[in-house]
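**Student:** Predicted structure and sequence below. I'll ask about it afterward.
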Protein chains: 2
Amino acid sequence: MRVLGVDPGLTRCGIGAVEGRPGAPLKLVAVGVVRTSADDELGARLVGIERGIEQWLDEVRPDAVAVERVFAQHNVRTVMGTAQAAGIALLCASRRGLPVALHTPSEVKAAITGSGTADKKQIGTMVTRLLRLAEMPKPADAADALALAICHVWRGGSQNRLAEALAKASRGRAS
Amino acid sequence: MRVLGVDPGLTRCGIGAVEGRPGAPLKLVAVGVVRTSADDELGARLVGIERGIEQWLDEVRPDAVAVERVFAQHNVRTVMGTAQAAGIALLCASRRGLPVALHTPSEVKAAITGSGTADKKQIGTMVTRLLRLAEMPKPADAADALALAICHVWRGGSQNRLAEALAKASRGRAS
């Protein structure tokens, strides 16, 4: 299963793609950042994010996309832009018919480090270890996007199996 | 000047298009709503909003788009969806190279009724009067979108003239 993780942001969208399945070693596919300039108008920045994410989707060809769930309680100054960047990522993935999952920051932290309150450095360290990288991916947004993708491989896998089993059971009842 | 106003929302996006210029009678061009079902996944709903707004842009062919500015302090339960719907509207307009403006609810209320704290009914009444309609546009989201478009015709016009004058002055200095 190949997962593209998106850590949304208006100035920097972290992008990280990972291949793997629960219980097997993970493989780094790609990592990077989509940037837009604070000097540009909001509309132009959203167009830039759409273009960037489309390019990554073309390149990575993921089976699923995982986006960080944004909460209204977060940093009020930047939360609207973050929500809009997340919306563009959801839009791009859904337009291609790709399954999309939202994971909260604490779900990701707990999946990767065992603690829902782990800090950025701990996330970076575990991502580096789990993907057997020579050094920590930078910036932190890119490492966070990889953590999201790993979280989805591990959690999303079981969620999908459950969803598939339920769908199968429901088809069984219907026939 | 033909303006498409968008009152963003995940369940209902109000759409209202108006033609006019400051100091002249206004004309209703079109009014309606883009709806998505709360039963659908978030990604599918955003795709539905994109499709709906694209259809309105194709039909109305506006010179500018006005979107209500969403604040993080608004209704926390719905604000993220509202922000994402607003982001899609900005994206669609900017992709076509259309100028986009954000107006706050109180700017719109003050422009239409003279009071920044006017209620929905007062907005609806003034929209009906200003566009010389037989009855109040429904739902309220559609009336709000028309109010936004009217606000933009009146405010946006002068903002544009100021921006043009500044751009001209700056070109003058550069040459």
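**Tutor:** All right, it came through fine.
**Student:** Show me which positions of stretch A:131-143 end up buried.
**Tutor:** A:131, A:137, A:140, A:141, A:142, A:143 (16 or more other CB atoms under 10 Å in any protein chain shown). The way it works is simple: take the backbone N, C-alpha and C, and place the C-beta from them, glycine included.
**Student:** should've said stretch A:18-28
**Tutor:** For stretch A:18-28, using 16+ other CB under 10 Å, the buried residues are A:18, A:19, A:20, A:26, A:28.
**Student:** Report the contact partners of the closest residue to the fourth one other than its chain neighbours.
**Tutor:** Once its chain neighbours are removed from consideration, residue A:26 has its nearest residue in residue A:20; the separation is 3.9 Å (CB to CB, 6 or more residues apart in numbering or on different chains). Applying CB atoms under 8 Å, 6 or more residues apart in numbering or on different chains to residue A:20 gives the contacts A:1, A:26, A:27, A:150, A:153.
**Student:** and which of those residues is nearest residue B:80?
**Tutor:** Among the contacts of residue A:20, residue A:150 lies closest to residue B:80 (CB to CB), at 24.5 Å.
**Student:** Any idea what residue A:4 is bridged to?
**Tutor:** On the basis of DSSP bridges, residue A:4 takes part in beta bridges with residue A:17, residue A:65.
**Student:** Look up how far chain B lies from it.
**Tutor:** Counting by CB to the nearest CB, to the nearest Å, the gap from residue A:4 to chain B is 13 Å.
**Student:** what's the burial count for that residue?
**Tutor:** 31 (other CB atoms under 10 Å in any protein chain shown).
**Student:** who's in contact with it?
**Tutor:** Counting by CB under 8 Å, 6+ apart, residue A:4 has contacts A:15, A:16, A:17, A:56, A:57, A:60, A:62, A:64, A:65, A:66, A:93, A:149.
**Student:** from what I can see the second one touches residue A:149, true?
**Tutor:** Yes - with contact taken as CB atoms under 8 Å, residue A:16 and residue A:149 are classed as touching, separated by 5.1 Å.
**Student:** Just say helix, strand or coil for residue A:33.
**Tutor:** strand (DSSP: H, G, I helix; E, B strand; the rest coil).
**Student:** count of residues packed around it?
**Tutor:** 19.
**Student:** I figured it was touching residue A:140, is that so?
**Tutor:** No - using CB under 8 Å, residue A:33 makes no contact with residue A:140, being 10.2 Å away.
**Student:** Need the overlap of contacts for the two.
**Tutor:** Joint contacts of residue A:33 and residue A:140 (CB under 8 Å, 6+ apart) are residue A:14.
**Student:** what about residue A:106, helix or strand, and which?
**Tutor:** For residue A:106, the host element (DSSP states H and E) is helix A:105-113.
**Student:** Check which residues of that helix are buried.
**Tutor:** So, applying 16+ other CB under 10 Å, buried residues of helix A:105-113: A:105, A:107, A:108, A:109, A:110, A:111, A:112, A:113.
**Student:** so can I have TSV of those showing distance to residue B:47 and pLDDT?
**Tutor:** Converted to TSV, those look like this (distance: CB to CB, whole Å; pLDDT from 0 to 100):
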residue	distance to residue B:47	pLDDT
A:105	25	93
A:107	25	94
A:108	25	95
A:109	30	95
A:110	31	94
A:111	28	93
A:112	30	94
A:113	34	94
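**Student:** ok, so of those residues, who is nearest chain B?
**Tutor:** residue A:105 (14.6 Å; CB to the nearest CB).
**Student:** lowest-confidence helix or strand of chain A?
**Tutor:** helix A:157-174 (a mean of 55; mean pLDDT, DSSP states H and E).
**Student:** Neighbour-wise, which one of the contacts of residue A:4 leads?
**Tutor:** Counting by other CB under 10 Å, top hit in the contacts of residue A:4: residue A:149 with 38 neighbours.
**Student:** quick one, phi/psi of the residue nearest to residue A:26?
**Tutor:** The phi and psi values for residue A:20, taken as degrees, to the nearest 10, are phi 170, psi -180.
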